[in-house]
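Trainee: sequence first, then the predicted structure:
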Amino acid sequence: MTTDERLIIRLSNQEQQSLVDLYDRYSQLLWKISYRAVADDAICEQILRQVFQDVWARPHDFNIGKKLSILLVECCQSKIRLLTMQKSS
């Protein structure tokens, strides 16, 4: 079992430390992706907060046979697109 698989199981069990561990493992990657898209610290923080809230609220959505890192990046990109659409409206 991989570290990511264990993280998802722990998240499913609502272990708070698992969210901290997930954040420590992936926040830098997601920050870089967000910052390249929006170049605004406050917005990047908002995007990351939303991504990690989604994982905490629905860990089963992040356990669908893809690598966790890919699912997190996809979620982050989705938040960026949504934010971009809202700004252009």
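Mentor: Structure's in. What do you need? Numbers count the residues shown, from 1 in each chain.
Trainee: tell me the spacing between residue 70 and residue 47.
Mentor: As judged by C-beta to C-beta, to the nearest Å, residue 70 and residue 47 stand 17 Å apart. Using the backbone N, CA and C atoms, a C-beta is placed for each residue, glycine as well.
Trainee: let me redo that: residue 23
Mentor: Distance from residue 23 to residue 47, counting by C-beta to C-beta: 13 Å.
Trainee: between these two, who's got more neighbours?
Mentor: The neighbour count for residue 23 versus residue 47, taken as other C-beta atoms under 10 Å, is higher for residue 47 (26 against 15).
Trainee: in what helix or strand does the more buried one lie?
Mentor: Assessed by DSSP states H and E, residue 47 sits inside helix 41-57.
Trainee: list the buried residues for that helix?
Mentor: Buried residues in helix 41-57, counting neighbours by 16 or more other C-beta atoms under 10 Å, are found at 43-44, 47-48, 50-52, 54-55.
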